[in-house]
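Peer 1: When you get a sec, could you give me coordinates for this:
(chains A and B)
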Protein chains: 2
Amino acid sequence: MNNFSFQNPTRLVFGKGQIAQLSQLIPTDKKVMVTYGGGSVKRNGVYEQVIDALKDQHCVEFWGIEPNPTIETLRKAIDLGKEKKVDYLLAVGGGSVLDGTKLIAAGILYNGDAWEIVQKGYTTRQLPFASVMTLPATGSEMNSGAVISRAEMHEKYAFYGNYPQFSILDPEVTYSLPKHQIAAGLADIFVHVLEQYMTTPGQSRIMDRWAEGILLTVLEIAPLIKENQHDYAVMSDFMLSATLALNDFIRMGVTQDWATHMIGHELTALHGITHGESLAMVLGGTWRVLKEQKRAKLIQYADRVLHIISGSDDERVEAAIAQTEGFFRSLDLAIRLSEKGIGEKTINQIADKFNRLGSKFGENQNVTGDVVRQILMTVK
Amino acid sequence: MNNFSFQNPTRLVFGKGQIAQLSQLIPTDKKVMVTYGGGSVKRNGVYEQVIDALKDQHCVEFWGIEPNPTIETLRKAIDLGKEKKVDYLLAVGGGSVLDGTKLIAAGILYNGDAWEIVQKGYTTRQLPFASVMTLPATGSEMNSGAVISRAEMHEKYAFYGNYPQFSILDPEVTYSLPKHQIAAGLADIFVHVLEQYMTTPGQSRIMDRWAEGILLTVLEIAPLIKENQHDYAVMSDFMLSATLALNDFIRMGVTQDWATHMIGHELTALHGITHGESLAMVLGGTWRVLKEQKRAKLIQYADRVLHIISGSDDERVEAAIAQTEGFFRSLDLAIRLSEKGIGEKTINQIADKFNRLGSKFGENQNVTGDVVRQILMTVK
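Peer 2: Okay, the predicted model is just below:
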């Protein structure tokens, strides 16, 4: 196990009716900017619950943070926040609303264009922020990261800062989510875990078991959600798994990959592919190209998660990759670039960019632009 | 899943050489009381590392916190802390030293006898405290609880307060631990997990998987530790598993039992049995008496953790209980009261006490004094 330092101070407030706790959780002397996406919270009852809980709080609303939040939109929120002198932020929505809000929390305290914070990759100064999470997927509700897009340049990058003060997770708000968002959310959770698991073998037995535990859970609940999206127990496990997949709990002392995410972000920035679906399209390519490096872990995954017990090692590795793509397919997600009309032009554009930047991704820092080209050609 | 609120702010600083971080972790303006046990830290090099890291810090030492720390000893530390006006506490040792230190941290700010805090069961006022943990077992390094004994009355009770500010875990310090302490530590970890797992079935898939993940890890590493106590990777998993077994991570939204612990505490208070060993002696009795209530979960445990796949349900339940006791036996721990010379007199004494107090333990609050009598008679 590698040396590590771990601290995650976010309070999780989980369960039915917990949105009402907002009035206890936000200090009454704060001027709060409440941030939203496109308006789905007005249809599923969340907005009413939030407004009711915050009726005695001094609030400003900001609407319209889009999926893959753009700096162009967030600059407007930052200007409003500065003008209204807000000193607390509450994101109500999915990971995109919260990611955008993390940048707003930094931007209000920053003299200059907030895109500079994203380019720098981190911030140490943010207003306190919290969330009411409505879409289980990104884990943003209990981590320090955020991914921001710059529409005009087709760019999408992550930056890191503070953790949310609290996040409220009520599984009932997931009952009305569109099927495609649920599918992309499940893929996102699954690949988050794999980015922290499918790396160097033999680093930590307990971290391996916990990663496998989330993978097994996602495989078990995915068909159950398809059957009945109103099963509270199932949706609870969905929501909690999303949080635990990316809140630092399963990466103590182990290496991480993230190449699939870096490539997926480019597909989103260039073609607007939903984040989770972009991962479903890339992962099989990453594994096929890096099969030797990831061999021991792929076999462990085949054994413990997919229960593939017969065949040679090579056959089990192939079966594990195919079954993983089959899982994404069972969610009605694309697993090949051609399904979205993406071809060699985009592949070369992405590879050339990473070559130009000298990017090196993955647990061994050997995924260069040329390797990215191979990966994408494999899933063409 | 039940509604829950979760927050664990402790910083974990894990790995080789991390004790040197102490100088960065404790504010330099603090007057620190450093607390120790009986002196083993002077033989394994920990003391020197601590002294070296704190050489520029204003410190007071307190030695002699014993296994199952007593209020009698802790009162002396509290008096010293008040006299020296300390405002930060650092426990260097195992769970007993840290548990005692948690009471010292509360006692220094309390006007009155600190045993009143234990009797009340919780405190909201404690000096900041932290730990350098030398024995993987209790999980005290990342939770808010502490168990304190009152020697004169043969009593042992838990109280709850704040979390440690940080805990430093260097697996190398476990290389020199006595075999019996390691065995008791492994049993303690194992039963901590089971108290949060072997309860109501079907509450949370992901919490079940994580609990099973720790159990599988402990079963895998126990024989490896016996073989080679200097294997850094194995001792790392041992140390991290102890922390993760009792830091609230595996009890989100699920019921808990703790009957075995309550009974074990009495055996320790009356006969000085090592905590982990007391649990090894009681657990089989708890399960046999509550077999119907715990049936579904026992079968799941037999399947997923012990891989008992043949036989009727009844046979698998029996095999799971027997194999669990066999695991404790493989650690050279007692699993019957008679092995420690404990007989019906003690059994009746414990059962009568719980009846008198009207105690009701377990996830269904149905473990009364009379049920405790049955449990202990089963493992006589």
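Peer 1: Identify the bridge partners of A:Lys31.
Peer 2: A:His58 (DSSP bridges).
Peer 1: ranges for the helices of the stretch 201-350 of chain A?
Peer 2: Shown for the stretch 201-350 of chain A, the helices assigned by DSSP state H, counting those that start in this stretch span residues A:205-227, A:232-245, A:259-271, A:275-289, A:295-304, A:313-330, A:344-357.
Peer 1: Chain B: which of those helices is closest?
Peer 2: Closest approach to chain B among the helices of the stretch 201-350 of chain A (CB to the nearest CB): helix A:205-227, 3.1 Å. For glycine as for every other residue, the C-beta is placed from the backbone atoms N, C-alpha and C.
Peer 1: Quick one: name the residues of the stretch 251-380 of chain A near chain B.
Peer 2: Neighbours of chain B within the stretch 251-380 of chain A, by CB under 8 Å from any CB of the partner chain: A:Met252, A:Gly253.
Peer 1: Could you provide the helices of the stretch 201-350 of chain A in JSON lines, with additional columns for mean pLDDT and mean neighbour count?
Peer 2: Below are these laid out as JSON lines (pLDDT from 0 to 100; neighbours: other CB atoms under 10 Å in any protein chain shown):
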{"stretch": "helix A:205-227", "mean pLDDT": "98", "mean neighbour count": "22"}
{"stretch": "helix A:232-245", "mean pLDDT": "98", "mean neighbour count": "25"}
{"stretch": "helix A:259-271", "mean pLDDT": "96", "mean neighbour count": "22"}
{"stretch": "helix A:275-289", "mean pLDDT": "98", "mean neighbour count": "26"}
{"stretch": "helix A:295-304", "mean pLDDT": "98", "mean neighbour count": "19"}
{"stretch": "helix A:313-330", "mean pLDDT": "98", "mean neighbour count": "18"}
{"stretch": "helix A:344-357", "mean pLDDT": "98", "mean neighbour count": "16"}
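Peer 1: and A:Pro136, which of these is closest to it?
Peer 2: Nearest of the helices of the stretch 201-350 of chain A to A:Pro136, taken as CB to CB: helix A:232-245 at 3.6 Å.
Peer 1: For the residue nearest the centre of chain A, give me the pLDDT.
Peer 2: Centroid-nearest residue in chain A, with CA atoms, centre = their mean: A:Thr138, separated by 2.6 Å. Per-residue pLDDT puts A:Thr138 at 96.
Peer 1: Remind me which helix or strand it belongs to.
Peer 2: Element membership for A:Thr138, per DSSP states H and E: none, as it lies in no helix or strand.
Peer 1: do you know how far it is from chain B?
Peer 2: 17 Å (CB to the nearest CB, to the nearest Å).
Peer 1: Go ahead and confirm that residue touches A:Ala187.
Peer 2: No - using CB atoms under 8 Å, A:Thr138 is not in contact with A:Ala187; the gap is 11.7 Å.
Peer 1: Report the contact partners of the closest residue in space to A:Asp113 that isn't next to it in sequence.
Peer 2: Counting by CB to CB, 6 or more residues apart in numbering or on different chains, A:Asp113 lies nearest to A:Arg75, which is 7.5 Å off, once chain neighbours are set aside. Neighbouring residues of A:Arg75 by CB atoms under 8 Å, 6 or more residues apart in numbering or on different chains: A:Gly107, A:Asp113, A:Ala114.
Peer 1: Which among these count as buried?
Peer 2: A:Gly107, A:Ala114 (16 or more other CB atoms under 10 Å in any protein chain shown).
Peer 1: Go through the contacts of A:Arg75 and name the one nearest chain B.
Peer 2: Checking these one by one against chain B (CB to the nearest CB), the nearest turns out to be A:Gly107, at 26.4 Å.
Peer 1: if I look at the closest one, how far off is A:Gln126?
Peer 2: The gap separating A:Gly107 from A:Gln126 is 9 Å, by CB to CB, to the nearest Å.
Peer 1: do A:Tyr157 as well
Peer 2: Separation of A:Tyr157 from A:Gln126 (CB to CB) stands at 17 Å.
Peer 1: which one of those two has more residues nearby?
Peer 2: For A:Tyr157 versus A:Gln126, neighbours defined as other CB atoms under 10 Å in any protein chain shown are more numerous around A:Gln126 (22 against 17).
Peer 1: Spatially nearest residue to the more buried one (excluding sequence neighbours)?
Peer 2: A:Gln126's closest residue in space is A:Ala105 (CB to CB, 6+ apart), at 4.1 Å.
Peer 1: per-residue pLDDT, the one you found?
Peer 2: In this model, A:Ala105 is scored at 98, pLDDT.
Peer 1: what helix or strand is it on?
Peer 2: Using DSSP H and E, A:Ala105 sits within helix A:95-107.
Peer 1: moving C-terminal of that helix, what's the next helix or strand?
Peer 2: Toward the C-terminus, helix A:95-107 is succeeded by helix A:115-120 as the next helix or strand (DSSP H and E).
Peer 1: same question for that following helix, mean pLDDT?
Peer 2: For helix A:115-120, the mean pLDDT works out to 97.
Peer 1: For the helix or strand that that helix is followed by, buried residues please.
Peer 2: Where DSSP H and E defines the elements, the next helix or strand beyond helix A:115-120 is strand A:129-133. Of all the residues in strand A:129-133, those buried under the rule 16+ other CB under 10 Å are A:Phe129, A:Ala130, A:Ser131, A:Val132, A:Met133.
Peer 1: Which of the residues you listed sits closest to A:Asp313?
Peer 2: Relative to A:Asp313, the closest of the buried residues of strand A:129-133 is A:Met133; by CB to CB it sits at 40.6 Å.
Peer 1: these two touch, right, that closest one and A:Pro164?
Peer 2: No - assessed by CB under 8 Å, A:Met133 is found out of contact with A:Pro164, at 9.2 Å.
Peer 1: Next, show the common contact partners of these two.
Peer 2: Common contacts of A:Met133 and A:Pro164, defined by CB under 8 Å, 6+ apart, comprise A:Leu98, A:Ser140, A:Glu141.
Peer 1: Restrict these to those that also contact chain B, please.
Peer 2: Among the shared contacts of A:Met133 and A:Pro164, proximity to chain B is found for none (CB under 8 Å from any CB).
Peer 1: looking at those residues, which has the most residues close by?
Peer 2: A:Leu98 (31 neighbours).
Peer 1: hang on, isn't it packed against A:Val92?
Peer 2: No - look at A:Leu98 against A:Val92 with CB under 8 Å: they stay out of range, at 9.0 Å.
Peer 1: which residue packs closest to the residue nearest to the centre of chain A, ignoring adjacent ones?
Peer 2: A:Gly95 (2.8 Å).
Peer 1: Which segments of chain A make up each domain?
Peer 2: For chain A, automatic domain parsing gives the domain ranges A:11-173, A:178-378.
Peer 1: Quick check: which of the ones you listed is nearest to B:Val60?
Peer 2: Nearest of the domains of chain A (CB to CB): domain A:178-378, 33.0 Å.
Peer 1: From the chain's centroid, how far away is the closest one?
Peer 2: In terms of CA atoms, centre = their mean, to the nearest Å, the centre of domain A:178-378 is found 12 Å from the chain centre.
Peer 1: distance between the ends of it?
Peer 2: This stretch, domain A:178-378, spans 30 Å end to end (CA to CA, to the nearest Å).
Peer 1: what sits against the spatially closest residue to A:Leu127 that is not a sequence neighbour?
Peer 2: The shortest distance from A:Leu127 to any non-neighbouring residue, by CB to CB, 6+ apart, is to A:Ala105 (4.4 Å). Listed by CB under 8 Å, 6+ apart, the contact partners of A:Ala105 are A:Leu89, A:Gln126, A:Leu127, A:Pro128, A:Phe129, A:Gly161, A:Asn162.
Peer 1: ok, the first one touching A:Leu109?
Peer 2: No - here A:Leu89 lies out of contact with A:Leu109, judged by CB under 8 Å, at a distance of 11.2 Å.
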